[in-house]
Structure formats: C-alpha cells, structure tokens
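Student: here you go, sequence then predicted model.
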Amino acid sequence: AQTVTQSQPEMSVQEAETVTLSCTYDTSESDYYLFWYKQPPSRQMILVIRQEAYKQQNATENRFSVNFQKAAKSFSLKISDSQLGDAAMYFCAYRNDRSGSARQLTFGSGTQLTVLP
Amino acid sequence: DTEVTQTPKHLVMGMTNKKSLKCEQHMGHRAMYWYKQKAKKPPELMFVYSYEKLSINESVPSRFSPECPNSSLLNLHLHALQPEDSALYLCASSRAAWGQGVEAFFGQGTRLTVV
C-alpha cells in the first residue's frame, strides 16, 4: 500500500518570501503521479502542480515548483514570492499509474500554511 | 469549463431524515468520486464510479447510497445518519479511473451537519 507523509503540520512565511513544504511517500510502483493540492478556507481542493514519475525534470507552475527526488521518494513544494492568497492547507497526493489498478488519490495529512503580511 | 458543481453547499439534517447530495460536471470525465473530509484532515475516499458503474466502495456504511444516473451527474443519498457523519463531502471527477489517468478536479463540497 502507498503512504504519503507530510511532517510539517503548520508552516508560516512572510509575504514575498519563499517557503518549502515537505512530502515523502512510499511505494513499490515505478509509474505514478504526484500532486500538490491547495485547500483554502473556501474548502475547494485546487490543483497546484503535478509531476509524472517518469519525468526527471521538476515541474514548475509560475511561482510554484517542486523538487522531485525519485530515489529518495521525496516531493517538496517551493512557493516563491509568497502572497496572502497562498494561505491554505496544502495536501501532497499520490496516484499510481499501473495498468488495471484503480487510480484513486492517496493524500498526506496536510500542511497549514500561514502567510504573514 | 473545469468546474465540478456540488449542491447544496450546506445541509443540516436530523438522524431520521433522508436527503441527497448532488454533483455535476460537464468536462466529459468518466470517473467520479465521493470523499469525506473531517476538519483539518485529508479527504477519505468513499466511492469511485467509472463509466457510470460503481467500481470502488471503501467499506462505507449502507446509510450512504451513491448513484450515477448519467456520465455528468453523481448523487449521494443519505438516510439515518449519525452525528459522527457530520463532515465536508467532496465530489471529484477525472478523465478516467482506469487506464491513463490524470488529475482529479474537485467541487467546493457540501458541509453536512447531522443533529
């Protein structure tokens, strides 16, 4: 079974600064996707970024980038130039891509990010 | 249109009531999901529908009854719930549950309170 671990229940960052959220996972699969979702107080889970395991290049979406270390099973999220609107609960999630298996998401426990003005 | 729409946004129901939650998407996705989320916890998978057929039921009590009338619509029928069932219920959809899969899109959820 796959597990996803987020060891930082809470983090804070000063506006305009950079913050890194950690995520590790455990799997015996070779093909999978990793995601970071953001859940603000409005409750909607919003996809921030995704990474395909077969890609060595780290994914980037504007101010959001990941550091994907496949051998170490590590998938951290870096938020640059933090904005007040980045304040939310961030969930790391895993989804396998093995043929014939169900593709449901396995979530980490979440990191609550506070952005200080 | 990348929206998953859930109604109602809030629901308060008694333990003897029957109610339904509704979820709709028009992205042509063939996989739809129900998740339950308690405060400050990650979502927990309840059901997966793939091509309008129930493919995964994560040992959910029978007081929760899912239904997928067509490829755009997913319902969750509620009956004789307990106070511990109070939670945020999230619906999601993705291109497919089986085969080449990509990210899931989530609705805003229904905040359910059982009194």
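Tutor: Cool, got the structure. Predicted model, so just to flag it, every value in this text is computed and none were measured.

Student: what residues does chain A put near chain B?
Tutor: Chain A has residues A:33, A:35, A:37, A:42-47, A:50, A:89, A:91, A:95, A:97, A:99-105, A:107-110, A:112 near chain B, with proximity defined as CB under 8 Å from any CB of the partner chain. Where C-beta positions appear, they are placed from N, C-alpha and C, glycine not excepted.

Student: and if we set it to 10 Å?
Tutor: A:4, A:6, A:9, A:33, A:35, A:37, A:39, A:42-47, A:49-50, A:52, A:89, A:91-93, A:95-97, A:99-110, A:112 (CB under 10 Å from any CB of the partner chain).

Student: just for the chain, where's the confidence low?
Tutor: Using chain A here. For chain A, the stretches with pLDDT under 70 are A:98-103.

Student: look at chain B instead
Tutor: In the predicted model, chain B carries pLDDT under 70 at residues B:1-2, B:97-101.

Student: all strands for it, in order.
Tutor: Taking DSSP state E as the criterion, chain B carries its strands at B:4-7, B:10-13, B:18-25, B:31-37, B:44-50, B:53-57, B:64-70, B:73-79, B:87-94, B:105-106, B:110-114.

Student: does chain A sit close to the second one?
Tutor: No - on the criterion CB under 10 Å from any CB, strand B:10-13 is out of touch with chain A, staying 10.7 Å away.

Student: in that strand, which residues are buried?
Tutor: Judged by neighbour count using 16 or more other CB atoms under 10 Å in any protein chain shown, the buried positions of strand B:10-13 are B:Leu11, B:Met13.

Student: same deal with the fifth one?
Tutor: Going by neighbour count (16+ other CB under 10 Å), the buried part of strand B:44-50 is B:Leu45, B:Met46, B:Phe47, B:Val48, B:Tyr49, B:Ser50.

Student: narrow the residues of chain A next to chain B to those in strands?
Tutor: Cross-referencing the residues of chain A next to chain B against strands under DSSP E gives A:4, A:33, A:35, A:37, A:39, A:46-47, A:49-50, A:52, A:89, A:91-93, A:95-96, A:106-107, A:112.

Student: still on that earlier bit, of the buried residues of strand B:44-50, which are in range of chain A?
Tutor: The residues of the buried residues of strand B:44-50 that also fall near chain A, by CB under 10 Å from any CB, are B:Leu45, B:Val48, B:Ser50.

Student: which one of these is nearest to chain A?
Tutor: Closest approach to chain A among those (CB to the nearest CB): B:Leu45, at 5.2 Å.

Student: what's the spacing between A:Ala16 and A:Ser76?
Tutor: Taking CB to CB, to the nearest Å as the measure, A:Ala16 falls 20 Å from A:Ser76.

Student: who's more crowded, those two?
Tutor: Applying other CB atoms under 10 Å in any protein chain shown to A:Ala16 and A:Ser76 shows that A:Ser76 carries more neighbours, namely 17 against 11.

Student: show me what contacts that one?
Tutor: Contacts here follow CB atoms under 10 Å, 6 or more residues apart in numbering or on different chains; on that basis A:Ser76 touches A:20-24, A:36, A:58, A:65-69, A:92.

Student: and which of those is nearest to B:Gln25?
Tutor: The closest of those to B:Gln25 turns out to be A:Trp36 (CB to CB; 21.8 Å).
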